[in-house]
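> For reference, the sequence and a predicted model appear below.
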Amino acid sequence: MSLFAIADTHLSFGTDKPMDTFEGWQDYTKRLENNWNSVVTENDYVVIAGDISWAMNFNELIPDFDFIDNLNGKKLILKGNHDYWWNTVKKMNEFVLENKFESISFLYNNSYEFDGFSVCGSRGWLFDSDEEQDEKVLNREVIRLKMSLDSAQCDEKIVFLHYPPVTTNEKCEEILNLLKEYGIKKCYYGHLHGVAARYAIDDTIDEIDFKLISADRLNFMPYLIKKF
C-alpha cells in the first residue's frame with residue numbers, strides 16, 4: 001500500500017476553462033489519467049492538494065469528480081484557492097454520497113491515520129499582506145491546520161498545503177511556526193505553475209523537507225510519498 005500526492009489538477013469537464021491552452025498542459029487530462037493508473041493501485045491513497053476543479057458549484061463539479069472517482073485508489077482532497085465549489089463538510093459529504101463518489105474524502109479540519117503516520121493539511125494562505133481580510137483568512141487557515149494536527153493520532157505527521165509556506169524569496173511565518181511547533185518533517189504544497197515554479201523550495205529548511213507537487217511540475221505523474 002502506498003501514499004501518493006499531486007496538486008492543481010484544474011479539471012474543467014463541466015466548465016469551459018480548459019488548461020490545454022497553457023504551455024505544457026496539452027492533453028493533460030489524458031496524460032494524468034494514464035500516468036495515475038500506471039502507478040496507483042486500488043489499494044493506494046492519493047492526496048490532491050487543492051485546485052482540483054474550475055467548477056463553481058456542485059452541478060459543474062459532477063463530471064470532474066466522476067473523472068477523479070474513476071481513477072485508481074482512494075483520494076483525500078483539500079481546498080485550493082480556485083475551488084469555488086467548496087462548501088461545508090456536511091454538504092460535500094452529502095454530495096459525494098448522493099453521486100456515489102465512493103473513493104473521494106475531504107481533508108478539512110481533520111486528519112487521516114495510516115500505519116504509523118497521519119496525513120494532515122489545510123489550504124494555507126498568502127504571504128505577508130497589509131490587507132485586513134487576508135490577515136483574517138490566514139488566521140483561520142492557521143486554526144484549521146492546527147485542528148488537523150491536533151486530531152492526528154500518530155507521532156509522524158505529514159502535512160499537505162495548497163499555498164507554499166515558503167519560497168525562495170518569501171515565507172509565511174504563521175504557518176512555518178506551526179509546522180515547527182508540531183515537529184513536522186515533511187510538507188508538500190502546490191499552487192506554483194510555469195515560471196512561478198522557479199520560486200519553489202524543494203529543499204530542507206528548519207529541518208522540514210518541502211516539495212512542490214503541482215501537476216505540471218510533476219509532469220502529471222502522482223508523486224510517491226510513502227510505502228506502508
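Now that the structure is in, tell me what you want to look at.

> can you map out the strands along the chain?
2-6, 45-49, 74-78, 104-106, 112-113, 117-122, 156-161, 186-189, 204-205, 208-212, 223-227 (DSSP state E).

> Show me which residues of the third one are buried.
By 16 or more other Cβ atoms under 10 Å, the buried positions in strand 74-78 come out as K74, K75, L76, I77, L78. Just so you know, the C-beta spots here come from the backbone N, C-alpha and C atoms, and that holds for glycine as well.

> Could you list the paired strands of it along with their orientation?
Applying DSSP bridges, strand 74-78 is found paired with strand 45-49 (parallel), strand 104-106 (parallel).

> With the fifth one instead?
The strands beside strand 112-113 in its sheet (DSSP bridges) come out as strand 117-122 (antiparallel).

> just to revisit the earlier point, wait, which of the buried residues of strand 74-78 is closest to V137?
Closest approach to V137 among the buried residues of strand 74-78 (Cβ to Cβ): L78, at 15.3 Å.

> how about the nearest residue to the closest one, chain neighbours excluded?
Leaving out its chain neighbours, the residue that sits closest to L78 by Cβ to Cβ, 6 or more residues apart in numbering is L107, at 4.3 Å.

> so who does D64 touch?
For D64, the contact set (Cβ atoms under 8 Å, 6 or more residues apart in numbering) comprises L11, S12, F13, G14, I52, S53, A55.

> Check the gap between it and Y223 for me.
According to Cβ to Cβ, to the nearest Å, D64 stands 21 Å off from Y223.

> Could you do G194 as well?
In terms of Cβ to Cβ, G194 sits 18 Å off from Y223.

> Which one's more surrounded, these two?
Between G194 and Y223, counting by other Cβ atoms under 10 Å, Y223 is the more crowded of the two (18 against 13).

> What does the pLDDT read for that one?
In this prediction, Y223 carries a pLDDT score of 98.

> what sits against it?
F4, A5, I6, Y188, K211, I213.

> and what of L61?
Contacts for L61 were tallied using Cβ under 8 Å, 6+ apart; they are G14, S53, A55, W85, F95.

> Equivalent analysis for T204, please.
Counting by Cβ under 8 Å, 6+ apart, T204 touches F210.

> what pairs with it across the strands?
As for beta bridges, T204 partners with D209 under DSSP bridges.

> Excluding sequence neighbours, find me the nearest residue to the most centrally placed residue in the chain.
Closest to where the C-alpha atoms of the chain average out (Cα atoms, centre = their mean) is A49, at 0.5 Å. In space, and not counting its chain neighbours, A49 is closest to A7: 3.7 Å by Cβ to Cβ, 6+ apart.

> The one you found: how many residues sit nearby?
Neighbours around A7, by other Cβ under 10 Å: 30.

> got it, and E42?
When counting by other Cβ under 10 Å, one arrives at 9 neighbours for E42.

> pLDDT score for it?
At E42, pLDDT is 97.

> Then A200?
95.

> For it, grab the count of nearby residues.
A200: 21 neighbours (other Cβ under 10 Å).
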